[in-house]
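Chemist: below: sequence and its predicted model.
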Amino acid sequence: MFIEPTQRRESPHLRTGWIEVISGSMFSGKTEELIRRLNRARIARLKVAIFKPAIDTRYHDQNIVSHNSLAIHSTPVQKAGQIPALAEGFDVVGIDEAQFFDAEIADVCTKLANQGQRVIVAGLDMDFAGKPFGCMPQLMAIAEYVTKVHAICVVCGDMAHHSFRLLPSQERVLLGETDNYEARCRRCFVLGNDAGSKEWVYVDDK
Ligand SMILES: Nc1ncnc2c1ncn2[C@@H]1O[C@H](COP(=O)(O)OP(=O)(O)O)[C@@H](O)[C@H]1O
Ligand SMILES: Cc1cn([C@H]2C[C@H](O)[C@@H](COP(=O)(O)O)O2)c(=O)[nH]c1=O
Ligand SMILES: [Zn+2]
């Protein structure tokens, strides 16, 4: 578990901010972990602002929602450049689905952190082809803290770090969940359709 640094309580302009990145494949728990950190910041009575790209309407047009139905209210924005004005006066800034933001997102996160805000960014490290996704490599490079989370391969049960697309589309952006994607380990990802595809069945402990 990530041990959160303590945020000093003076005005944001008198304290040091930082950037945290939570990254991994689909179903790896990025959103869960983002919501956990943001809820803890709220419990600490810090002012929390949360953003997501407006394109991400998968589960809800406003809320950030995890695959296991945790939810937190957010402000959808069209462009990264809109975030600084909207985040003014907040101690902590959460951003989900960062891979969909334009290249300005890295400068935006730097600006917020330099102003003393704690910035927590979650996003996919790789696309369906196993290629680094958009701005994520840059965000991981400039962050003080990077947490890589992993899913479970739905084919074999090993640790998964790939998002395997079940449709033939080669478009980079294709929203979806278990209808369109599976979490897969390296081996089952490389095997592709030859690895087969199984609905994950939880083993009964009894
Ligand atoms: N293959 C899988 N591996 C791990 N968790 C899964 C898998 N499929 C569904 N889940 C569920 O997804 C949850 C994580 O969802 P979420 O935080 O939205 O992930 P992410 O944002 O990384 O896509 C897990 O707690 C679990 O309930
Ligand atoms: C791999 C991959 C994913 N997407 C889309 C699919 C989902 O809508 C999001 C990822 O959401 P999650 O919170 O990480 O589960 O991204 C895409 O558009 N292109 C891809 O290659
Ligand atoms: Zn596997």
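Modeler: Cool, got the structure. Ligands and ions are numbered 1, 2, ... in the order given.
Chemist: now the end-to-end length of stretch 149-163.
Modeler: Criterion Cα to Cα, to the nearest Å; first-to-last residue distance in stretch 149-163 is 13 Å.
Chemist: chain center to that stretch, what's the gap?
Modeler: 17 Å (Cα atoms, centre = their mean, to the nearest Å).
Chemist: if we go by neighbour counts, what in it is buried?
Modeler: Buried residues in stretch 149-163, defined by neighbour count with 16 or more other Cβ atoms under 10 Å: Val149, His150, Ala151, Ile152, Cys153, Val154, Val155, Ala160, His161, His162, Ser163. (Each C-beta comes from the backbone N, C-alpha and C, glycine too.)
Chemist: again with stretch 163-182
Modeler: Ser163, Phe164, Arg165, Asn180, Tyr181, Glu182.
Chemist: ok, it near ligand 3 or not?
Modeler: No. Contact check for stretch 163-182 against ligand 3, using Cβ under 5 Å from the ion: none in range, with a minimum separation of 9.5 Å.
Chemist: cool, and stretch 140-154?
Modeler: Yes. Stretch 140-154 comes into contact with ligand 3 (Cβ under 5 Å from the ion), by way of Cys153.
Chemist: circling back: and the two most separated of the buried residues of stretch 149-163?
Modeler: Across these, the longest distance by Cβ to Cβ is 19.2 Å; it joins Val149 and Val155.
Chemist: centroid residue for this protein?
Modeler: Centroid-nearest residue in the chain: Ala122, 2.3 Å away (criterion: Cα atoms, centre = their mean).
Chemist: what residues does the chain put near ligand 3?
Modeler: So far as Cβ under 5 Å from the ion goes, the chain lies against ligand 3 at Cys153, Val155, Cys156, Asp158, Cys185, Cys188.
Chemist: beyond whichever helix or strand the residue nearest to the centre of the chain is part of, next helix or strand please.
Modeler: According to DSSP states H and E, Ala122 maps onto strand 118-124. Going down the chain from strand 118-124, the next helix or strand is helix 136-142, by DSSP H and E.
Chemist: for that following helix, buried residues please.
Modeler: Met136, Leu139, Met140.
Chemist: likewise stretch 52-68?
Modeler: Quick answer for stretch 52-68 (16+ other Cβ under 10 Å): Lys52, Pro53, Asp56, Ile64, Val65, Ser66, His67.
Chemist: which of those lies closest to ligand 3?
Modeler: His67 (18.4 Å; Cβ to the ion).
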